[in-house]
Every structure is written in C-alpha cells, then in structure tokens.
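K.L.:
next come a sequence and a model predicted from it.
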Amino acid sequence: MSGPSRMGPGPSANDIMKQQEEMLKQKYGGLQPKKKLMPKDHKYFDSADWALSKQGIKTEQVAAQEQSSLEPKLEPSVPHPRRTSHLGEED
C-alpha cells in the first residue's frame, strides 16, 4: 500500500497566510490604529512641577537658580546634645 500521492505543488505558506488574513478581515474588519488614551507628552514628578509648567517655568530652571543661590557652609555644624531620660531618677 502506498501513501497519499501528491498531485503537483500545493499553495505556498505565504498564499495560505494571505488567504487567512483576507478571511479575518472579512469577518472582523481591518485593524484600526490605536488612539492614545491620554494625550500626555510629559509626566510630572508632583503637583508643584505641574503648577510650574502651567506658569511657563521649567523645573530645570528652578533647580539651576536654587543651585546658584546656595552659599557654601564655612563652619562645620555642631551636633545637638542628646536628651536624657529622667524617669528612673529619684529626687
């Protein structure tokens, strides 16, 4: 017994894919391009960044101004004395 015989070349894989795509387009329609849910170009760190951007001020400009206005500390800071507990003492 011999197996099934082939009668010439069948459709290529590319042809089959095109046929399947056409069937799906007829059944479901073509794919529509996705719309952006929120038209946002910029993400803000917090509400202050948002408020500054509404005023037309960029946060990088504010940070640069703050950096330029800081003066170097010339004397080291002295740590605060520690508090002691007076709960266990008797007077």
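P.N.:
Great, that's in hand. Numbering: from 1, shown residues only.
K.L.:
centroid-nearest residue for this protein?
P.N.:
Lys43 (8.3 Å; CA atoms, centre = their mean).
K.L.:
that one and Ser12: what is the separation?
P.N.:
Distance, Lys43 to Ser12, by CB to CB, to the nearest Å: 48 Å. In short, each C-beta sits where N, CA and C put it, glycine included.
K.L.:
what does Ser53 give?
P.N.:
Taking CB to CB, one finds Ser53 at 56 Å from Ser12.
K.L.:
phi, psi of the residue nearest to the centre of the chain?
P.N.:
phi -100, psi 140 (degrees, to the nearest 10).
K.L.:
same question, the one 5 residues further on
P.N.:
Main-chain torsions, Ala48, degrees, to the nearest 10: phi -70, psi -40.
K.L.:
any idea how many residues pack against it?
P.N.:
11 (other CB atoms under 10 Å).
K.L.:
picking that back up, Ser53 and Ser12 - which one has more neighbours?
P.N.:
Remark: of Ser53 and Ser12, Ser53 carries more neighbours, 13 against 9, as counted by other CB under 10 Å.
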